[in-house]
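1. output the structure for:
(chains A and B)
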Amino acid sequence: AQSVTQPDIHITVSEGASLELRCNYSYGATPYLFWYVQSPGQGLQLLLKYFSGDTLVQGIKGFEAEFKRSQSSFNLRKPSVHWSDAAEYFCAVAPQYNNNDMRFGAGTRLTVKP
Amino acid sequence: DTAVSQTPKYLVTQMGNDKSIKCEQNLGHDTMYWYKQDSKKFLKIMFSYNNKELIINETVPNRFSPKSPDKAHLNLHINSLELGDSAVYFCASSQGGSGTGDSLLMSNQPQHFGDGTRLSIL
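-> Below you'll find the model as predicted:
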């Protein structure tokens, strides 16, 4: 079965600094990959997804992620963080042709310093 | 015009009680899910229904029973609530999946989540 690891439980960055959140997956083939964001007390909102094609994926709110098959990674990046980006970020993986079976990483909490 | 709506948003009850959480989606999706998020924010899938048919049933106590009256609704009923059931429960929906093991249709649509139901057991 597929699984996801987010090595960083908590990251703090200064407003305006760049951000990279790490995500590694384990799966026998190329999976579907997702990043979701959860603001306090809210549900999960999809930031971006990778299914196939271009390995650099653009998402909402200025986020992007790059799929690297050789490293089994799908890291999330943003060039300049805003205070409103403070939230919990979840990487998720699903087998190709079966997005029903999505598994989430443990999440990375992002704190933004003024 | 909320896409995936759950009720109630908060549920505080005593151990041993039976409670239900309702979920409705107006996206026309054919697949719905229940997830449990524990105090450490870990999200784990519990159930998945496709066109009212159960397709994923993770190892959860049989005190938890999903019910899908139609493909726009997936309710979660919990019997004999225990302290460990305290969590946030999320409903989600997506389009895709045939519901049968050997003929899953390709699906590349993401899941849409509700705002969660925070269940607290006293």
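2. leaving out the residues flanking it, which one is nearest to the residue nearest the centre of chain A?
-> By C-alpha atoms, centre = their mean, chain A has its centre lying nearest to residue A:35, at 3.5 Å. In space, and not counting its chain neighbours, residue A:35 is closest to residue A:47: 4.4 Å by C-beta to C-beta, 6 or more residues apart in numbering or on different chains. (Glycine included, C-beta is placed from N, CA and C.)
3. then residue B:49?
-> Nearest to residue B:49 is residue B:68, by C-beta to C-beta, 6+ apart, at 4.7 Å.
4. which elements pack onto the strand or helix carrying the one you found?
-> Assessed by DSSP states H and E, residue B:68 sits inside strand B:64-70. Judged by 3 or more C-beta pairs under 8 Å, 6 or more residues apart in numbering or on different chains; DSSP states H and E, strand B:64-70 is in contact with strand B:43-50, strand B:73-78.
5. next, format those strands as TSV and append mean neighbour count and mean pLDDT.
-> Output for those, formatted as TSV (neighbours: other C-beta atoms under 10 Å in any protein chain shown; pLDDT from 0 to 100):
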stretch	mean neighbour count	mean pLDDT
strand B:43-50	22	89
strand B:73-78	20	96
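6. residue A:104 is nearest to which of these?
-> strand B:43-50 (4.1 Å; C-beta to C-beta).
7. next SSE after the closest one?
-> In N-to-C order, the element after strand B:43-50 by DSSP H and E is strand B:53-57.
8. can that next one be said to contact chain A?
-> Yes. Strand B:53-57 comes into contact with chain A (C-beta under 8 Å from any C-beta of the partner chain), by way of B:55-56.
9. for that strand, which strands pair with it and how are they oriented?
-> strand B:43-50 (antiparallel) (DSSP bridges).
10. and the gap between residue B:11 and residue B:18?
-> Note on residue B:11: its distance to residue B:18, by C-beta to C-beta, to the nearest Å, is 12 Å.
11. err, residue A:47, not the other one
-> For residue A:47 relative to residue B:18 (C-beta to C-beta), the value is 37 Å.
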